[in-house]
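Colleague: my questions concern the predicted model and sequence given below.
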Amino acid sequence: MIAFSLQLSAESVGQEVRLKTKGASVRTVLKELKKQTGYYIMFNEQDIDESAKVDVDLQGASLEEALNEILGDLPLQYDIVDDYVLIKRKPVISTEIQQDQIVIKGKVTDDKGEPIPGVNIIIVEYNTGTITSADGTYELSIPDDNVSISFTFIGFEKQIIAVEGQTEINITLQTEVSELDDVIVTGYYNQTKESFTGAATTISSEELQAVSNTSVLDALQVYDPSFKIVDSNEFGSDPNKMPEIEIRGKGSIPAISENELRSNPNQPTFIMDGFEVSIEKIYDLDINRIASVTILKDASATAIYGSRASNGVIVIETKAPEKGELRVNYTFDGTFSAPDLTDYNLMNAEQKLEAERLAGLYETKQSLANKGGYQDQLRLDGLYNANKQAISSGVDTDWIAQPVENSFSHKHSLFIEGGDNIIKYALEANYNDENGVMKESGRKRYAVGSILSYRHKSMLFRNHLSVTHVNAPQTPYGSFSEYTKLNPYYKMKDENGRYIRTLSNSNAGIPQYNPLYDVENLSNFQKNKYTNVTNNFSIDWSILEGLRLKGNVSVQLQNSNDQTFRSPDSREYANSSGEAYNRRGSYYMGDSEMFLIDGSLVLSYFKQINKHFVNAVIGSNMQEASYTQESYTAEGFPNDRLHYIGFGSQFKEGTTPNGSEETTRLIGGFSNLNYNFDNRFLLDASLRIDGSSKFGAKQRTAPFWSTGLGWNFHNEPFLKDSKLVNEARIRANVGETGGTNFYAYQALTTYEYFTDRHYRYQTGSYVKALGNDELKWQTTIKRNVGIDLALFNNRLMFKGNYYYDTTKDLVSQVTIAPSTGFNSYTENMGDVLNKGFEVHLSTTVYKNNSKRIFVNLFGNVRHNTNEILKISDSLKAYNESVIANQNEEAASGGTTDDVDASKMISGSPVLQFEEGKSLYAIYAVQSLGVDPVTGHEVFLDRFGKSTMIWDARDQVIVGNTQPKFEGFFGTNTNIGDFSFNLAFNYRMGGQVYNQTVINKVENAYLQNNVDLRVLEQRWTQEGDIKPYRSIRDISLVRASSRFVEDENSLALTSARVSYNLKRGWIKTIGLRQVRLSAYMNDIFRISTVERERGTSYPFARSISFSLQTQF
Amino acid sequence: MKKYILIIISILGISLGSCQDWLDVQPVSEVSADALFETEEGYKDALNGIYLMMSEDAVYGTNLTAGFVDVMAQNYLIFSEHEYIDLAYHNYETEFVQGRITSIWEKAFNIIANCNNIIEHFENSDENIFSGETQNYIYGEVLAIRAFMHFDMLRLFNLPYQSDASFKGIPYVTEFKKDVTEQLSSEETIGLIVNDLELAYQLLNVDEIKTEEENVNSHRENRFNAYAVAGLLARVHLYIKDFANAEKYAMDVVDSQRFSFVDAAEIIPSNDFTFYDEHIFSLYTIRLSDLYFNHFDIGDLKEPDQLICSQRMANWYDGDDIRWKNWFEQKTIVGEEVRVINKYKRPADSGDDNMFKDPAIPIIRLPEMYLILAEAQAQHDLGMAISTINTLKAARKAALLDGNSNLAQFQTALTSEYEKEFYSEGQLFYYYKRMNFGTITGADGTNMPMSDSKYTLPLPANEIQFGGR
């Protein structure tokens, strides 16, 4: 179509042109000319045929001479205006043109009345046209007056005018605001970036796809370091695990009692096309459908979401159909994933047996003097020899390789669009078959949808219907951790190649079952599915110039179903007999339904009077969400094949049908005023009043507000024409937002009925909880100052923010005196502070427009400090009870041999709340290391003395899990049709509590396979200086600073190569555009901490390919 | 165009307007208090719920009848592995005992809170929702239960009244709120209890139990009826040695003729071990079988939760005493012969339930009225007192007290009757405490010195910590 080559040559304008070409295309020659002279050379691509060739030989020619020479016989003429060379067709006087041709004249100006040269004017129907001359005027011949002409110029909004008999069309082009880089999408309305005083990050679809072709959430964090996916060491790359997200740190106290929290209290609010959606919806959304994502972080951006804004707001806009003839976009993505097991450092068969021997597992605990002891020793010797023999016969089973596989996932996205000014339509379809690296786990997503928009005069109606179905089978192999425990000297299969059911009796006499036997022979399964139907309808009415009314209604229905079947032949039923035999097997069935209706009405007004710009918005929204769920478990299945709930013979013993219901309502009114003077001084103010059914009758509504100031000093006269400073803005704002991620009925005093008894055949009810009429909204005061800079011809971009967010009146359970009749009460308590900064820097280190080469480097950094400002007495009491519990457990002893050892707190640190300290703090007793004489751990007590006795009261803060600095860096490089993208993630400072060392080294249960460090780094004899205690010590370790390690890490999050084909041969096969991309995700990672990652589900590395086509 | 703007503004105005009602969401799986108390049925359900909670193990289902308090009264043989071993020696500091104390306290005050919520809703409710005298019934019963629960807490957690009536112990909670109610002296608390009971007595003046029209199917004896209030008033007045009032209220009950002593011949045929016709107030519970099977249906091994009769009772009863004949079973445990209470005996199969009297835990029984009457009469007319106590003894086929006995002999007989009559009903400990005996007979038959601290349970730790006690 139209190509502008906008280039500012760094050299001074050269007067002398030296050119010598033979058989070069005119376009190439013009590019070279541009390079030499530094003039902008503009032309309409249709005007200069690609095949047009020219031979020139110029030595020291002037610009005019050169142009005359180059254009030669072509039907073109040129104008030189300032730095511009405008090339256009010579006015054609030709017999081919019909008699009734009409000539249209006019002038194109900008909103300040200045003429715009070089505007492309095209007859839409014929795809021909011209460009404006230096004074903004144009002249165009049209074949008939039923045509429309379009006016386009970079940086301005496109305008299409129907000619309808006019002969003079003067146009004022509006500065474009729909360009993504220049607008902040808040979900309710858009605001120009120039006038915005808040901190927001907008990421385009292109940018997202430069990181990932499948996961939106993973891609987002690369661009905004404050958007953080909390690492799940347990669930690794499980495709069915929703990520946990935090924006600018934790603002809530985690549930300390059995608080009925359904969702993560730190989760941001997701808004898609103006409506609130669940994280699941975003997780399952096809990345190809996304037009842009905006992360709103501070008050000025989020105050319009009032009570939902505390944790930040993520606004996602999906692609709208564009008019034109029918176009089909198809994208194929294929991903190969491989499990990343490099973090596992397990023993091989020989090492394992040696560790067992050293730990004394083959020495009887009874006295050899008596007969029983002697016989026991004989048994152990026999066992040792049997294992030894197995090893020497070559048994060394790699158990962890069994439940995993290299998987292939594929995704197909189809988007068909088209239409005209009146009606635009699109059909979308998506199939995504994602397969996890644990065998048979996966997530299949099916989505279809339609978008229809219809314009009637000044009204635009739009409807978007989408249906998503997700099928998520879990792996039948169970938890990955089970395989890490199996001893390598066990044989997996017997001589006939069948899986062995009972592996071997360990020396503790407990039978070890082979999980593979169950997988192979039984039909155990666990599967989830859901279907979501969403319909969004909107009306956009331009009432008057600058006055718009937008109304939206969204209806969402989601049905989910979870089923888990355990075969009666599963190993947990192996010893069932008598009555229990008939109860073998279980089937869990859970259904839930979510219905959400959301409506909003927004009136916006824009007015410019001289240098004053005012944008005012007023709106309201109402939302009702209801959620019901029912579940039951049946047991007593006749055999493995009858895996249908109907074959269950009864409810699972001790269970009854379960159900819960929750309805919440929210209503809010909001307004926003944005004033800007001369694009220099900016003022933003928002106010919202929200009411929610979740809060006490006396506190049902709450106001939220924000205000911000900004100064665009690049628009000051002294900088206006500077080529050094292209953009410079400082901004500051403050505001109050709220959070409502809580159980719906906690503010009410409610009654529940006794269902298991009656009083003389009459029903009875009791007070379930003491309501709190005074329950207040949890609010967060957000403060942000920031600076945006673009320097050296936009070669260096800098964006920095400093924030200071205090969350007040945290909602949590408070313990109260039981003489009130109750033990706890939901109340506001405690304040938390999150402060920190985030910096984003990007620079273009090399740029060559003519060769379409640019090398762009980016990097960002985030730092957050969390501090508890105030806590209530009940939280203090909680700390005391934690310490008491820990001491009690420590006193009760317990050994790693206990079956229940895994259920104990043991070595894990327990969260405590202390004013002035962080929610990310690690509490443990200071360790002085392992005593070389005894092999026992030595602690430092609270009086500064060394001791061998662990006491919970000696616990101090020994680390903080929050890194000092973390972020991403990488490059976006383009060479011709190729582009290369790399994104690295780094983390510096901050500690982790190494659970692997506890579970697999120190508390290692040696009947199972464990970490190699048991053999290499545990104390075995007097004089050993080893980091880990005696291999014979089987007491449970306690939270100690010995397990706190500094974590610094670097990982290659993503790498992409893509090749863009826009022209050439593909057109001959009917394609408009093709893009091929190859991605590598999570390919390498180095860390200072050696621990097992992905304990229940391993992490995956992936390589994927993407093919995007348009035809 | 102005017209449109007006329309828009009014739409916005309406949608922003008063939405308080719309925001008032009522849950389905539970009922908000305000919705429950919109109907008479709701009030009835809430009251039934209170009776159901009173029959839970934490309070009258076990702890305050057959279990905890009777262990303190030395009614059971507690061997060294028994869970109650510390409690039996009145050591209240161990974790197990503390746990039980906490559960008693929490449940009792939870019941009180449930009462208070009903009472508070009476103030705001529309009287038209009630049919007949229902409001008086419910209000009267709830007030009486509130007083009853507080009285038992006072008897457990306050110092013996004889020792120190000004001891500040339990709070008297009359409001449904999260804030702590201040502790009062025993004297003040008794005052409030009596106030509540007197009001309840007035309200329950309409009680059908006082009339000829009483419907048997109403089972007023399973509710806090007018006579139960009178009986409790007698009990409370006796506790503070207000003998005149104790005598008056006890007489109200006895004179009514509504309750009668059990017919000895009918006990076995109808499996009536709790002497149902004597129940002035008892808690109906379908869980009575749990109480029996959990503690009294013992096998031949020692279990840490079984309640075996103490050795000291061996010589208590005369041979023909119907209580001796009907309440105890002989069993063998680890080769030793022991006796076990079978008052709460239930059929092993619920299909045979109809062969037993209704399952109900007695809370106030007729014999106590005779004993209160006798004790009060003894203050002015010993002869009358002896004849009153002999009425009970005769009904029990026990040897009568000699008409010429002196006051001390009468007192001994009185103590003996309390010991014999209320086995596994939880009243004996309160008797000892009321009398403030310096020494009682321990479960093994030896003397056990008592003191104020042994008679008084400590407040639970969470009450001290969060109530600022």
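Modeller: Noted; the coordinates are in hand.
Colleague: whichever residue of the stretch 51-200 of chain A sits closest to chain B: what secondary structure?
Modeller: Residue nearest to chain B within the stretch 51-200 of chain A: A:Tyr188 (13.5 Å; C-beta to the nearest C-beta). For glycine as for every other residue, the C-beta is placed from the backbone atoms N, C-alpha and C. Here A:Tyr188 is coil, with the state taken from DSSP: H, G, I helix; E, B strand; the rest coil.
Colleague: name the SS class of the spatially closest residue to it that is not a sequence neighbour, please.
Modeller: Closest residue to A:Tyr188 apart from its sequence neighbours, by C-beta to C-beta, 6 or more residues apart in numbering or on different chains: A:Val602 at 5.2 Å. Using three-state DSSP, the secondary structure recorded for A:Val602 is strand.
Colleague: taking the stretch 851-1000 of chain A, what residue is nearest to chain B?
Modeller: A:Ala877 (6.4 Å).
Colleague: for that residue, which residues are in contact?
Modeller: A:815, B:465-466 (C-beta atoms under 8 Å, 6 or more residues apart in numbering or on different chains).
Colleague: measure the closest residue to A:Leu547 other than its chain neighbours to chain B for me?
Modeller: In space, and not counting its chain neighbours, A:Leu547 is closest to A:Tyr605: 5.0 Å by C-beta to C-beta, 6+ apart. Relative to chain B, A:Tyr605 is positioned 10 Å away (C-beta to the nearest C-beta, to the nearest Å).
Colleague: could you list every helix and strand that the stretch of helix or strand A:Tyr605 belongs to packs against?
Modeller: Counting by DSSP states H and E, the element that carries A:Tyr605 is strand A:586-609. Using 3 or more C-beta pairs under 8 Å, 6 or more residues apart in numbering or on different chains; DSSP states H and E as the contact test, the elements touching strand A:586-609 are strand A:275-277, strand A:547-566, strand A:612-635, helix B:2-16.
Colleague: how close does B:Asn48 sit to chain A?
Modeller: 4 Å.
Colleague: still on that earlier bit, in a helix, that's where the residue of the stretch 851-1000 of chain A closest to chain B is, yeah?
Modeller: Yes: secondary structure assignment places A:Ala877 in a helix (three-state DSSP).
Colleague: pLDDT wise, what is it at?
Modeller: Predicted confidence (pLDDT) for A:Ala877: 72.
Colleague: what does the stretch 101-250 of chain B put close to chain A?
Modeller: Proximity of the stretch 101-250 of chain B to chain A, by C-beta under 8 Å from any C-beta of the partner chain, involves residues B:102, B:105-106, B:109-114, B:116-117, B:170-171, B:173, B:176-181, B:219, B:222.
Colleague: grab the nearest non-local neighbour of the residue of the stretch 251-400 of chain B found nearest chain A.
Modeller: Going by C-beta to the nearest C-beta, chain A is nearest to B:Tyr284 of the stretch 251-400 of chain B, at 5.1 Å. Nearest residue to B:Tyr284 in three dimensions, chain neighbours excluded: B:Asn222, at 4.4 Å (C-beta to C-beta, 6+ apart).
Colleague: roughly how far apart are whatever residue of the stretch 651-800 of chain A ends up closest to chain B and A:Gly659?
Modeller: Residue of the stretch 651-800 of chain A nearest chain B, by C-beta to the nearest C-beta: A:Gly764 (3.5 Å). Distance from A:Gly764 to A:Gly659, counting by C-beta to C-beta, to the nearest Å: 20 Å.
Colleague: next one: A:Leu63
Modeller: Per C-beta to C-beta, A:Leu63 is found 82 Å from A:Gly659.
Colleague: which one of those two has more residues nearby?
Modeller: Shown here are A:Leu63 and A:Gly659; by other C-beta atoms under 10 Å in any protein chain shown, A:Leu63 has more neighbours (20 against 14).
Colleague: for the more buried one, what are phi and psi?
Modeller: Taking degrees, to the nearest 10, you get phi -60, psi -50 for the backbone angles of A:Leu63.
Colleague: with adjacent residues omitted, what lies nearest to it?
Modeller: A:Thr37 (5.5 Å).
Colleague: same thing with A:Arg942?
Modeller: A:Arg942 sits nearest to A:Asp954 (C-beta to C-beta, 6+ apart), 4.8 Å away.
Colleague: report how many residues lie close to that neighbour.
Modeller: 19.
Colleague: that one contacts A:Gly944, doesn't it?
Modeller: No: counting by C-beta atoms under 8 Å, A:Asp954 sits too far from A:Gly944 to count as a contact (10.2 Å).
Colleague: what sits against the one residue in chain B that gets nearest to chain A?
Modeller: Using C-beta to the nearest C-beta, the closest approach of chain B to chain A is made by B:Ala113 at 2.4 Å. Applying C-beta under 8 Å, 6+ apart to B:Ala113 gives the contacts A:767, A:770, A:820-822, B:173, B:176.
Colleague: phi, psi of the residue nearest to A:Arg942?
Modeller: As for A:Asp954, its main-chain torsions (degrees, to the nearest 10) stand at phi -80, psi 0.
Colleague: hmm, back to that, so which helix or strand takes in the residue of chain B closest to chain A?
Modeller: Per DSSP H and E: helix B:95-124 holds B:Ala113.
Colleague: which SS state does B:Ala314 fall under?
Modeller: Reduced to three states by three-state DSSP, B:Ala314 is helix.
Colleague: what's the neighbour count on it?
Modeller: If we define neighbours as other C-beta under 10 Å, then B:Ala314 has 10 of them.
Colleague: right, I'll call it a day here.
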